[in-house]
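[1] Curious how this folds, go ahead:
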Amino acid sequence: MPTTAPTPVPTLLVFDSGIGGLSIADEIRRALPTCRLVYVADNVIFTYGTQEESVLVNRLLQLLPTLEQYARPDLIVIACNTASTVVLEPLRAQTTTPIIGVVPAIKPAAQLTQNRTIGLLATPGTVKRQYVQRLVDEFAHGCTVIKTGSSELVHQAENKLRGLPVDEALIAREVAPLLNQATTPDVVILGCTHFPFLREEISRALPPGTR
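    Prediction:
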């Protein structure tokens, strides 16, 4: 009897500055447990979320060919909200490998909110991008979106994943601008891949019932 050729195992390349993108890699692993997953933590310009747009674009355009040569990926995932809001199109023009980005979940948040007030907790780079404002204009019409940028939370997440202490008082201070509003958001978007690692600590700094 003829033998059946084994199904090729796809290779996915996931990269971010630091280890925040591991939150995305974990979700990919759960959804595609048999794939070959290559994770790259780019610390040369850590963190991506504090970089000027031109610096970030130039860095990733230079980095991508090296990563592709090393990993030979079938798919590339930019596991960073800030990078995805500025560099997806230039990177896609540079390669034939499919590229997927990660951007703040404005659309699902607009569908979830009951009081039409949404909080976006992200890095300083992400909250100021026009790409994010376009998402708000397109998917959150009629909602108030309160944007707060924090690079301190990135460092707290890195500490936690390295087994170092987490400063919950600092986390509460970083979250506080979302709460000092006429209407408190009932949905908060974690718009940085580092922030899900602080989900419990951030939740404790928010009013009960915040989603």
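[2] For residue 94, see how far away the residue nearest to residue 142 when sequence neighbours are not counted is.
    The shortest distance from residue 142 to any residue other than its chain neighbours is 6.1 Å, reached at residue 116 (CB to CB, 6 or more residues apart in numbering). C-beta: built from backbone N, CA, C; applies to glycine. Distance, residue 116 to residue 94, by CB to CB, to the nearest Å: 40 Å.
[3] Check residue 154 too.
    Residue 154 is 27 Å from residue 94, where distance means CB to CB.
[4] again, but for residue 15
    Residue 15 is 15 Å from residue 94, by CB to CB.
[5] out of the two, which sits in the more crowded spot?
    Higher neighbour count among residue 15 and residue 94: residue 15, with 24 against 15, using other CB atoms under 10 Å.
[6] residue ranges with poor pLDDT in this protein?
    1-7 (pLDDT under 70).
[7] what about the longest helix in it?
    Criterion DSSP state H: the longest helix present in the chain is helix 53-71.
[8] mind listing the helices in this protein by residue range?
    Remark: helices assigned in the chain by DSSP H are 22-31, 53-71, 81-94, 106-112, 124-127, 130-139, 152-161, 168-179, 199-204.
[9] Determine which stretch of those helices is the most buried.
    helix 124-127 (a mean of 22; mean count of other CB atoms under 10 Å).
[10] Using CSV, list the CA coordinates for it.
    What follows is helix 124-127, C-alpha atoms only, in CSV (Å, rounded to 0.1, in the frame of the first residue of the first chain):
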residue,chain,number,x,y,z
PRO,A,124,2.7,55.8,25.1
GLY,A,125,3.5,54.9,21.5
THR,A,126,0.2,53.1,20.9
VAL,A,127,-2.2,55.6,22.4
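[11] could you say what helices and strands it packs with?
    Judged by 3 or more CB pairs under 8 Å, 6 or more residues apart in numbering; DSSP states H and E, helix 124-127 is in contact with helix 81-94, strand 144-149.
[12] What lies in contact with the last one?
    Right, strand 144-149. If you take CB atoms under 8 Å, 6 or more residues apart in numbering as the criterion, strand 144-149 is touched by 49, 106, 116-128, 132, 136, 174-175, 177-178, 181, 183, 185.
[13] returning to what we had before: run the chain-centre distance for the longest helix of the chain.
    Put simply, helix 53-71 sits 18 Å off its chain's centre (CA atoms, centre = their mean, to the nearest Å).
[14] tilt between that helix and helix 81-94?
    Helix 53-71 runs at 60 degrees relative to helix 81-94, counting by axes from the mean of the first three to the mean of the last three CA atoms, to 10 degrees.
[15] Give me the angle between helix 53-71 and helix 130-139.
    90 degrees.
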